[in-house]
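Asker: Sequence and computational prediction follow.
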Amino acid sequence: MILIKPYRLFFLALLCAILLTAAPAVFCQEQASGKPARDDDTNVDTQLYVILATNRDVDAGKIPASLDPIIKRLRESLPFEHYSLAGTFLNRVKNNGRVDVNEVGRPFLVGSTPATGVNNPSFNQFFAEVHLATDGNGNDIVRLNNFKFGSRVPIVTSQIQTTNASLAVQPIAQINYEQVGLHTDISMREGTPVIAGTLHVGPQGDAIVVVVSARRTN
């Protein structure tokens with residue numbers, strides 16, 4: 001027993017010396033990598049725009065100046081005369097968090113005939129897992145993993161004329177709701193809007209264009 005204790009003490013002292021020597025080296029390697037972990041408390045503002053592309057005469061409304069490059073690209077690649085901003089989502093989410101939004105949108109009718117006085121809403125959903133990252137050139141990017149956008153839009157299929165001719169009543173629009181959506185993964189520069197996808201809806205060939213952007217914020 002008297003001979004064993006000194007060896008134990010020597011072993012413990014040697015182990016402590018190895019740990020103290022290795023710890024600074026590991027710390028220096030982490031610093032030298034230049035890639036510290038993102039702060040999980042960093043907030044990210046996500047913005048999603050829903051644009052209606054159509055050849056029908058619609059009120060285009062005011063489209064944000066930040067979307068001018070997107071609209072220019074759409075006019076060059078898609079055969080539509082009018083682009084109308086149909087909806088905007090603005091949400092704040094923590095880095096490595098997720099955003100999940102369901103909303104009742106404004107009337108968003110598409111169809112083959114006009115529908116006077118019809119104000120059926122649309123139902124929209126937006127989901128994404130948000131991650132801050134850096135690309136191969138060292139540029140800050142935002143990844144939207146498992147990105148989903150879905151919308152239930154009212155489609156005017158026909159108009160039913162009332163049988164009582166003595167009543168000055170407008171025809172009744174027959175409307176069906178159709179589900180449209182997209183599911184993808186997106187990587188993009190911070191603050192730069194990108195087209196996530198286009199969804200064709202309605203018998204006239206109208207389309208919904210989904211545009212997203214994101215940037216970190218305080």
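Answerer: Right, received. Where do you want to start? The structure displayed is predicted, hence computed values, not measured ones. Residues are numbered from 1 along each chain as shown.

Asker: Any buried residues in the longest strand anywhere in the chain, and which?
Answerer: With DSSP state E setting the assignment, residue counts place strand 140-160 as the longest strand in the chain. Residues of strand 140-160 classed as buried: 141-144, 147, 149-156, 159 (neighbour count, 16 or more other C-beta atoms under 10 Å). Placement of C-beta: from N, CA and C, glycine included.

Asker: Could I get these in TSV, plus columns for pLDDT?
Answerer: Converted to TSV, the buried residues of strand 140-160 look like this (pLDDT from 0 to 100):
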residue	pLDDT
Ile141	94
Val142	95
Arg143	96
Leu144	96
Phe147	96
Phe149	94
Gly150	91
Ser151	87
Arg152	86
Val153	80
Pro154	79
Ile155	76
Val156	73
Gln159	65
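
Asker: Now that we have the residues you listed, can you turn them into CSV and tack on distance to Gly205?
Answerer: Putting those into CSV (distance: C-beta to C-beta, whole Å) gives the following:
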residue, distance to Gly205
Ile141, 34
Val142, 32
Arg143, 33
Leu144, 28
Phe147, 25
Phe149, 20
Gly150, 20
Ser151, 17
Arg152, 19
Val153, 14
Pro154, 17
Ile155, 13
Val156, 14
Gln159, 20
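
Asker: if we take those residues, which one ends up nearest to Gly191?
Answerer: Gly191 lies nearest to Val142 out of the buried residues of strand 140-160, by C-beta to C-beta, at 9.0 Å.

Asker: And that closest one, how far from Thr198?
Answerer: Between Val142 and Thr198 the computed distance is 21 Å (C-beta to C-beta, to the nearest Å).

Asker: Mind jotting down where the strands sit in the protein?
Answerer: Using DSSP E, the strands of the chain run over residues 43-54, 82-94, 98-107, 110-111, 121-134, 140-160, 172-189, 194-201, 206-217.

Asker: from what I can see Gly105 touches Asn124, true?
Answerer: Yes - judged on C-beta atoms under 8 Å, Gly105 makes contact with Asn124 at a distance of 5.1 Å.

Asker: Need the residues touching each of these two.
Answerer: 50, 87, 151 (C-beta atoms under 8 Å, 6 or more residues apart in numbering).

Asker: residues contacting the first one?
Answerer: Val50 makes contacts with 85-89, 105, 124, 151, 208-210, as judged by C-beta under 8 Å, 6+ apart.

Asker: Show me what it is bridged to.
Answerer: Residues in a beta bridge with Val50, per DSSP bridges, are Gly87, Val210.

Asker: picking up where we left off before, distance to Arg73 for the shared contacts of Gly105 and Asn124 - can I get that in JSON lines?
Answerer: Output for the shared contacts of Gly105 and Asn124, formatted as JSON lines (distance: C-beta to C-beta, whole Å):
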{"residue": "Val50", "distance to Arg73": "17"}
{"residue": "Gly87", "distance to Arg73": "20"}
{"residue": "Ser151", "distance to Arg73": "22"}
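
Asker: any idea which of those residues is the one closest to Leu78?
Answerer: Proximity of the shared contacts of Gly105 and Asn124 to Leu78 (C-beta to C-beta) peaks at Val50, which lies at 15.2 Å.

Asker: quick one: the closest one and Ser66, what's the gap?
Answerer: 15 Å.
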